[in-house]
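[1] everything below, folded, please.
(2 chains)
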Amino acid sequence: MDFAFLLVTAAPLIYAALGEVIGQRSGVLNIGIEGMMLVGAFFGFLVAGKTGSWPLGFGIGAACGLLLAIISSVFTVKLAADQVVVGTAINFLALGVTGLGFRRAYGQSGQLLTSPELPRIWGIDPMLVVAFLLIPLVWWLIQRTKWGLALRGCGEYPAAVETSGFSVNRIRIQALLFGGMLAGLGGAYLSLAVAGSFAEGMTAGRGFLAIALVTFGRWRPIWVALAALALGYAQSLQYSLQGRPIFGVVIPAQIWLGLPYVVSLLVLIFVGSGTVTPQALGKPYRKEG
Amino acid sequence: MALGSVIGCAGQNGSNSAIDNPASRDFTSPRGNNVRSNSGKQLLVGVVYDSGGLGDKSFNDSAHAGIIRAKKDFGIEEKSIESKSEKDFEGNLTGMADAGCDLVVAVGITQQKALEAVAPKYPNVKFAIVDAPVSAPNVRSLLFTEHEGSFLAGYLAGLTTKTNKVGFVGGMEIPLIKKFQAGYEAGVKTANPSAEVLPAKYTGNWDSQDKAKVAANLLFTSGADIVYHAAGRAGLGVISAAKEQGKYAIGVDSDQDDVEKGSVLTSMIKRVDEAVYQTVKDLNEGKFTPGNKVYDLKAGGVGLSEMRFTKDKIGKENLDKVKAITAKIIKGDIKVPSNQEELAKYEQKLTAK
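    Numbering: from 1, shown residues only, chains lettered A, B, ... in the order given. As a prediction, the model looks like this:
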């Protein structure tokens, strides 16, 4: 097994999960992350494919994730709507838009889906490096900056943050937008760097896996990234284990295809949520008085 | 998973809107003068495509080609619907029958259960299904000997591989696709006993080009220089990988040689178009019969493409060898294995020789 391949399969999860950490630390549970990844994957692929420029693809991917996050923030933060309901709506919106767009752009033509190759040294591409640089950066943002302190406050006890002169809603919007952008980048990475192709609904639950990873990683960027690597390992493993006899028995492909999901389910069962969960997670904040 | 079900609903809504307007056949069609039907009225043929959908340049497109030909020759009217997931099939088939179709064609083995449920409810409607046997007095099953065609594909791969390693990417891991795989492996081993067929990869569906591409890339980096796919639209990912890596893909169902000229060694053509065309023709002439109709190598139901773009690289010698082995299969000298057990026996016999 190629080590770089493992890192590459894990990278979309790292992007998305780091974005989700920031959001959840501020108290916003972004269920719509799956949809944000999907729009990033589709529009990033579309633009990179048509223009031949992968950086532009990633830029568009991030912008599309951001756009969905803006829509989401209006409902979840400004209008204090239920975060799960809004997130679910965002996911359906993304599924519909990308499905329609995909059929419009490639539909019945049957043309080959190819995207510009990212430059690679030993299988490592620039956006993979960015993903790993983001790990300490997000940690630093959360733990070492004033904004990070306020962010954590928003997730634990928003009223206290508000009284010390910060706007809870503004910080939450910032966190959500940052997360949306990262999810879009993760999606673009999936279509442009991992697959070099697009399929309807290709994120296949990776956004939800990212949410699971955040719980698993105890809302800490480094642990979350490690968890993403473990899951990426399961995802890359299934490709190479397929069809290979184990103790003389060939295990059906369906079992390997389900492996990443089984791993994440097991992880959630054994880790569950604990006392480190941000106390105000999922609760909209309304100013008192 | 919840997402899947919603796409399913969307598909069904789509299907309803497509069948909302079936009235057109009651009026004189603008193509009415083309009608050569015996009964004098224009036949309405409904086609339910599977999840790969039109534009897969493979399985569904082949069925579509047959319908287009039938339209031209018999002036039939066509009604078609693509299905997004397995949950759509029953609704789509029922919708087609309700819309007054004379014949409903279910394209793809994944519609087998749905058709088994729908066909008995519409005894006056004729059905045809591609790739799966369904026994009912109003259903014709169009079956193919994919293992024979795949054997030829494997044989050619075994002759032309330079790395002595070849691969296979399938769609769903079901007996039908295992049939492709078994025939292919037997072909490779027959041509070149020292060649290795790498462990087969499956995408788990017919439309994930991304997964097929990752799988093919993995096979290519593991040393394979030819990868055969039996994955419908998803298989386009294999061709795309072959193009990017400068290796060969082998196409399936339709002639995919021109999908990427020079990157597709050959295509295992399965004449779904011909089977569908003949079914419409029989119905038009009042000769529709239920039961299994098998299209084999002998009947030209399966076979290799013309290799328009790769002929010179393959060389006349190899092409002649393929011709010779084709004749042997047709004569019955070689019995091509169609599943893993038969393949194991076949390989034993090969090594014994």
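
[2] just confirm yes or no for stretch A:248-262 near chain B.
    Yes: residues of stretch A:248-262 are located near chain B by CB under 8 Å from any CB of the partner chain, namely A:250, A:252, A:253, A:254, A:257. In short, each C-beta sits where N, CA and C put it, glycine included.

[3] quick one: these as JSON lines, columns for secondary structure, pLDDT and distance to residue A:159 too.
    Formatted as JSON lines, those follow (DSSP: H, G, I helix; E, B strand; the rest coil; pLDDT from 0 to 100; distance: CB to CB, whole Å):
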{"residue": "A:250", "secondary structure": "strand", "pLDDT": "75", "distance to residue A:159": "59"}
{"residue": "A:252", "secondary structure": "coil", "pLDDT": "79", "distance to residue A:159": "54"}
{"residue": "A:253", "secondary structure": "helix", "pLDDT": "77", "distance to residue A:159": "53"}
{"residue": "A:254", "secondary structure": "helix", "pLDDT": "78", "distance to residue A:159": "50"}
{"residue": "A:257", "secondary structure": "helix", "pLDDT": "79", "distance to residue A:159": "47"}
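
[4] buried ones among those?
    A:253, A:257 (16 or more other CB atoms under 10 Å in any protein chain shown).

[5] ok, of the residues of stretch A:248-262 next to chain B, which one's closest to residue A:282?
    Nearest to residue A:282 out of the residues of stretch A:248-262 next to chain B is residue A:257 (CB to CB; 31.5 Å).

[6] doesn't residue B:201 make contact with the closest one?
    No: using CB atoms under 8 Å, residue A:257 is not in contact with residue B:201, being 10.1 Å away.

[7] now do the shared contacts for those two.
    residue A:242 (CB atoms under 8 Å, 6 or more residues apart in numbering or on different chains).

[8] tell me the contacts of residue B:64?
    So residue B:64 contacts B:47, B:49, B:54, B:80, B:273 (CB under 8 Å, 6+ apart).

[9] which stretches of the stretch 101-250 of chain A form strands?
    With DSSP state E, counting those that start in this stretch, the ranges of strands along the stretch 101-250 of chain A come out as A:245-246, A:249-250.

[10] need the residues of the stretch 151-289 of chain A near chain B, please.
    So the stretch 151-289 of chain A meets chain B at A:190-191, A:194-202, A:205, A:239-240, A:242-245, A:250, A:252-254, A:257 (CB under 8 Å from any CB).

[11] can you tell me which residues contact the residue nearest the centre of chain B?
    Centrality entry for chain B: nearest residue to the mean C-alpha point is residue B:59, 3.8 Å, by CA atoms, centre = their mean. Counting by CB under 8 Å, 6+ apart, residue B:59 touches B:50, B:52, B:107, B:108, B:206, B:232, B:252, B:253, B:254, B:270, B:272.

[12] where does it fall, phi/psi-wise?
    When read as degrees, to the nearest 10, the backbone of residue B:59 gives phi -70, psi -60.

[13] for chain A, see how far away it is.
    The gap separating residue B:59 from chain A is 12 Å, by CB to the nearest CB, to the nearest Å.

[14] sketch out the helices for the stretch 51-200 of chain A, chain order is fine.
    A:54-73, A:83-105, A:126-144, A:146-156, A:158-163, A:168-189 (DSSP state H, counting those that start in this stretch).

[15] most tightly packed of these?
    Scoring the helices of the stretch 51-200 of chain A by mean neighbour count under mean count of other CB atoms under 10 Å in any protein chain shown gives helix A:168-189 as the most buried, with a mean of 28.

[16] that one packs against which elements?
    Under the contact definition 3 or more CB pairs under 8 Å, 6 or more residues apart in numbering or on different chains; DSSP states H and E, helix A:168-189 sits against helix A:3-25, helix A:33-51, helix A:54-73, helix A:126-144, helix A:146-156, helix A:158-163, helix A:206-216.

[17] list phi and psi for residue B:352.
    phi -70, psi -30.

[18] return the distance of it relative to residue B:155.
    Separation of residue B:352 from residue B:155 (CB to CB, to the nearest Å) stands at 19 Å.

[19] who has more neighbours, these two?
    More neighbours surround residue B:155 than the other of residue B:352 and residue B:155, with 27 against 6 (other CB atoms under 10 Å in any protein chain shown).

[20] send me stretch A:266-285 as CSV with only the CA atoms.
    The C-alpha trace of stretch A:266-285 is given here as CSV (Å, rounded to 0.1, in the frame of the first residue of the first chain):
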residue,chain,number,x,y,z
LEU,A,266,-17.8,1.3,15.8
VAL,A,267,-15.7,4.3,16.7
LEU,A,268,-18.8,6.2,17.7
ILE,A,269,-20.2,3.4,19.7
PHE,A,270,-17.1,3.1,21.7
VAL,A,271,-16.3,6.7,22.1
GLY,A,272,-19.7,8.3,22.3
SER,A,273,-20.0,11.8,23.5
GLY,A,274,-18.7,12.8,26.8
THR,A,275,-18.2,15.8,29.1
VAL,A,276,-16.0,17.6,26.6
THR,A,277,-18.9,18.3,24.3
PRO,A,278,-19.4,22.1,23.9
GLN,A,279,-22.3,22.8,26.2
ALA,A,280,-24.1,25.2,23.9
LEU,A,281,-23.7,22.9,20.8
GLY,A,282,-26.7,23.0,18.6
LYS,A,283,-28.5,25.7,20.6
PRO,A,284,-29.2,29.0,18.8
TYR,A,285,-28.3,32.0,20.8
